[in-house]
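Asks: Next input, structure requested:
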Amino acid sequence: MAGIDADGPADERIRELEAEVASLCRVCSQLSEQTAQLRVAMDHMPGAMYVVDADLKLVVVSERYQQIYGHPDDLVVPGRPMEDILRYEMEQGLLLGEGSPQEILAQRLASLRARESSEFEDRTPDGRSIQLSRHPAPGNHVVTVLADVSERKRTEDALQESEARAKAILDTSFQLQGLLRSDGTLLEANQAALDMIGARREDLVGLPFWECPWWTHDPDIQLRLRDAIDRAAAGERIQFFADHPTVDGDLRHIDFRVTPVRDAHGEVIMLVPEGHDITELKRAEDALRIARDQAEAATRAKATFLANMSHEIRTPMNAILGFTQLLQRDQSLGARHRNMIDTINRSGEHLLGLIDNVLDMSKIEAGRMLLAEEKFELAPMLGDLEQMFALRDGQRAIEMRSELAAGLPRYVLADRGKIKQILINLLGNAFKFTSSGSVSLAAAVAGRDGRRVVLAFTVEDTGEGIEADQLEAIFSAFEQTEQGQRAGGSGLGLAISRQMARLMGGSLEADSQRGKGSKFVLEVPVIEVASVDAGNEAAGSAPRLAAAQVARKVLVVDDCMLNRDLMRQILAPAGFTVLEADDGVSALDVYTRHHPPIVFMDVVMPSMGGIEATRRIREQDDGNAVTIIAVTANAIDDDLDAMRAAGCDDVLLKPVHIDRLVDLLERRAGVEFAPVDSAS
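Replies: Next up is the predicted model:
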């Protein structure tokens, strides 16, 4: 060997070389062992890794790398240029980036040559997302680590989508919505809230909510809001109403609420402010209130008009019908004069019926018509109707028939007045539109459930009939057929009759054919009873006090002399001492001097009306002992209630009916009248 002294100890040099070789072997062994350990670590890591040298050739690679990209077995081997591997990945469409595939390949190779830290994203053949992190290593090597980020990316995409959807919902909401920290700092506001004040989200996020432009127009509202946020942060749900100006100067009415949001431990972590724009609703409510006030004013005006008209018509009718009743009870009149008196009475009652129809319709529209149930015998009521119309139309060639079916209850509890009024209207129409033939009234039981009985009253005629398309219209107020318009009338009768039937829980239906007559069926539920009170009505003759009855003074107060004269001619022959006064002032004077136990008090009078006079009489020492009966032509419920509230014991409507007057004196004043058979 050239470097060995021929004369030196050769063995020593050989030993040195052997030691060096052994050291190198140990290093190689250690390096091989470390490489094997590195490969095992690389093969068992969650992702993949490869290392390239300064010549960009593959030095070491994990098995996972080949599995991820699906490389051929002979491609990913140590010593293979990395350009070959990347070109394969490019051709398979696995490299992601900006530009053409060739440009992306060039970017990846440039990154390896630059030996700088960088990150890329690739896609596996089965569509998973791979993130590559590239870092320089000693010896001009480059280490690339690959991680499967598919799940993370899906989670991030889902979160972004959820956030975008929530933001879209928030921004497209018609409500004003946002998000606050528990201390009131604004975190988010939807687009509707921002558009309201013309602000940008980035200019407001991070500000105290009460210092945002929604509230700065009114310091009082700012204080209310701060208090609301403090209370909401303590766990309370807050609501209040506030007016907010918009960017265009409009004022919006907002129903505002702050709701706390709690975590799993029940702690308030944020607040949700929410405003509902109720401007249009409030405007609609205001318009509705104005319309309601106008409608109520119109109703009051109509009621006042009807009351005045009723009073003006009933006042003269009181004299007409009152004196007619007295003449009807005069036994000295002949048949001819009685017929004349009956004609006058029927005409007056017809006119009074028209007035009552208008008042009834007004009560129905106002929902103030009430039931007045009483016990009565059914057959006599129907007999009265038959007799009434037989006499009324006795001169015409129309036969009046009636039929009472078997099983009808004898005594019932029901509103006799309304049942009779409906039947009178139906029979009246039947006779009005029938020139020849017959009109029939039938009564039968349509149903029974214990004591509850449904009665069916059928009125049928052979008259002109009604067109099929008009059968419902005839039940509307002021609606009349052509025949009805020719015959006259108010057009209210059938409308009122159906409403009354429904008020009693029944029904009224019509069936007709033009030229073949009409049939109306009234069904009404009633309660069957065992008997009715006998009563003390004295009909057919003038009333007189019972023989043992002490004569009583009666004060009649009315500004109309005819009305006072009528009352005197009814009461004086009966045995009363009649005192008179023409207004409230003179009534107080007469009462103070004579103290009559009974007063008939007109309501509407000049100087002092009857209501005020009644109050003053009640204020006197013996004022509570006197029986005061209001006499009025006003049939409106409010007026009747006012009379009773003033101290009147009851009300007698004009025109005065003698039987009603007698009934009030018996019930309210304890007056005893002679029985019918002993009255003279």
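Asks: Could I get the full set of strands for the stretch 351-500 of the chain?
Replies: In the stretch 351-500 of the chain, the strands defined using DSSP state E, counting those that start in this stretch lie at 374-377, 398-404, 411-414, 437-449, 452-461.
Asks: Can you point out the buried residues in the longest one?
Replies: Translated: strand 437-449. Applying a neighbour-count criterion of 16 or more other Cβ atoms under 10 Å, one finds 438-443 buried in strand 437-449. Backbone N, C-alpha and C define where each C-beta goes, glycine included.
Asks: Next, the angle from that strand to strand 452-461.
Replies: In terms of direction (axes from the mean of the first three to the mean of the last three Cα atoms, to 10 degrees), strand 437-449 departs from strand 452-461 by 170 degrees.
Asks: Contacts for strand 437-449 next, please.
Replies: 378, 382, 385-386, 389, 398-405, 407-409, 423, 427, 430-431, 453-463, 517, 523 (Cβ atoms under 8 Å, 6 or more residues apart in numbering).
Asks: Of those residues, just the buried ones, PyMOL syntax please.
Replies: The command below creates a PyMOL selection of those among these that count as buried (16+ other Cβ under 10 Å):
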select buried, resi 378+382+385+389+398+400+402+408+409+423+427+430+431+453+454+455+456+457+458+459+460+461+462+463+517+523
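Asks: Spell out the secondary structure type for A19.
Replies: Under the three-state scheme (DSSP: H, G, I helix; E, B strand; the rest coil), the conformation of A19 reads as helix.
Asks: Quick one: neighbours of it, just the number.
Replies: 10 (other Cβ atoms under 10 Å).
Asks: For R13, see how far away it is.
Replies: In this view, A19 and R13 are 11 Å apart by Cβ to Cβ, to the nearest Å.
Asks: go on, S402?
Replies: Using Cβ to Cβ, we find S402 at a distance of 158 Å from R13.
Asks: Show me the shaky parts of the stretch 501-650 of the chain.
Replies: Low-confidence regions of the stretch 501-650 of the chain, defined by pLDDT under 70, span residues 532-541, 634-639.
Asks: Nearest to S182 among the buried residues of strand 437-449?
Replies: Compare each of the buried residues of strand 437-449 with S182 using Cβ to Cβ and the shortest gap goes to A443, at 77.9 Å.
Asks: Quick one, grab the pLDDT at that closest one.
Replies: In the predicted model, A443 carries a pLDDT score of 94.
Asks: does it have beta-bridge partners, and which?
Replies: Under the criterion DSSP bridges, A443 forms beta bridges with L404, F457.
Asks: for the protein, longest helix please?
Replies: The residue-count maximum for a helix in the chain (DSSP state H) belongs to helix 279-328.
Asks: what packs against that helix?
Replies: strand 251-262, helix 335-365, helix 561-574 (3 or more Cβ pairs under 8 Å, 6 or more residues apart in numbering; DSSP states H and E).
Asks: highest average neighbour count across those?
Replies: Burial of the helices and strands packed on helix 279-328 is given as mean neighbour count (mean count of other Cβ atoms under 10 Å); helix 561-574 ranks first at a mean of 18.
Asks: right, and the helix or strand after that helix?
Replies: Downstream of helix 561-574, the next assigned helix or strand under DSSP states H and E is strand 577-581.
Asks: Listing partners with orientation, what would you give for that following strand?
Replies: When pairs are called by DSSP bridges, strand 577-581 turns out to pair with strand 553-557 (parallel).
Asks: Contacts for the strand it pairs with next, please.
Replies: With contact meaning Cβ under 8 Å, 6+ apart, strand 553-557 is reached by 564, 567-568, 571, 576-584, 586-587, 590-591, 594, 596-602, 605, 610, 613.
Asks: Spatially central residue for this protein, please.
Replies: The chain has E285 as the residue nearest its centroid, 12.9 Å off, counting by Cα atoms, centre = their mean.
Asks: From R668, how far out is that one?
Replies: Counting by Cβ to Cβ, the separation of E285 from R668 is 48 Å.
Asks: Equivalent analysis for D157, please.
Replies: D157 sits 90 Å away from R668, taking Cβ to Cβ as the criterion.
Asks: Please identify which of these two sits among more neighbours.
Replies: Each of D157 and R668 has its neighbours counted (other Cβ under 10 Å); R668 has more, 16 against 11.
Asks: got the angle between the strand or helix carrying the more buried one and helix 561-574?
Replies: Assigned by DSSP H and E, R668 falls within helix 658-669. Note on geometry: by the same axes, to 10 degrees, helix 658-669 and helix 561-574 are set 70 degrees apart in direction.
Asks: who does helix 658-669 touch, helix- and strand-wise?
Replies: Using 3+ Cβ pairs under 8 Å, 6+ apart as the contact test, the elements touching helix 658-669 are strand 627-632, strand 650-653.
Asks: E467 is nearest to which of these?
Replies: strand 650-653 (38.9 Å).
Asks: Which strands border the closest one, and is each parallel or antiparallel?
Replies: Next to strand 650-653 in the sheet, as set by DSSP bridges, lie strand 627-632 (parallel).
Asks: Next, the angle from the partner strand to helix 279-328.
Replies: In terms of direction (the same axes, to 10 degrees), strand 627-632 departs from helix 279-328 by 100 degrees.
Asks: Determine how far strand 627-632 lies from the middle of the whole chain.
Replies: Taking Cα atoms, centre = their mean, to the nearest Å, one finds the center of strand 627-632 at 44 Å from the center of the full chain.
Asks: Show the subsequent helix or strand relative to that strand.
Replies: Next helix or strand after strand 627-632 toward the C-terminus (DSSP H and E): helix 637-646.
Asks: So what touches the helix or strand encompassing E528?
Replies: In this structure, E528 is located in strand 518-529 according to DSSP H and E. Counting contacts by Cβ under 8 Å, 6+ apart, the residues outside strand 518-529 that touch it are 375, 409, 411-414, 419, 422-423, 426, 430, 433, 446, 451-461, 463, 465-466, 497, 501, 504-512.
Asks: how big is the angle separating that strand from strand 437-449?
Replies: Computed by the same axes, to 10 degrees, the angle between strand 518-529 and strand 437-449 is 40 degrees.
Asks: Within the sheet, what are the partner strands of strand 518-529, with directions?
Replies: Sheet partners assigned to strand 518-529 using DSSP bridges are listed as strand 411-414 (antiparallel), strand 452-461 (antiparallel), strand 507-512 (antiparallel).
Asks: closest to V143 out of those?
Replies: Between V143 and those, the shortest separation by Cβ to Cβ is 96.0 Å, and it involves strand 507-512.
Asks: Now do the buried residues in that closest one.
Replies: 508, 510, 512.
Asks: wait, which of those residues is closest to R314?
Replies: Minimum separation from R314 among the buried residues of strand 507-512 (Cβ to Cβ) is found for L508, which lies at 28.0 Å.
Asks: How far off centre is stretch 333-353?
Replies: Here stretch 333-353 shows a centroid-to-chain-centroid distance of 53 Å under the convention Cα atoms, centre = their mean.
Asks: All further residue positions should be reported with the first residue as 848.
Replies: In the new numbering, first residue 848, that becomes stretch 1180-1200.
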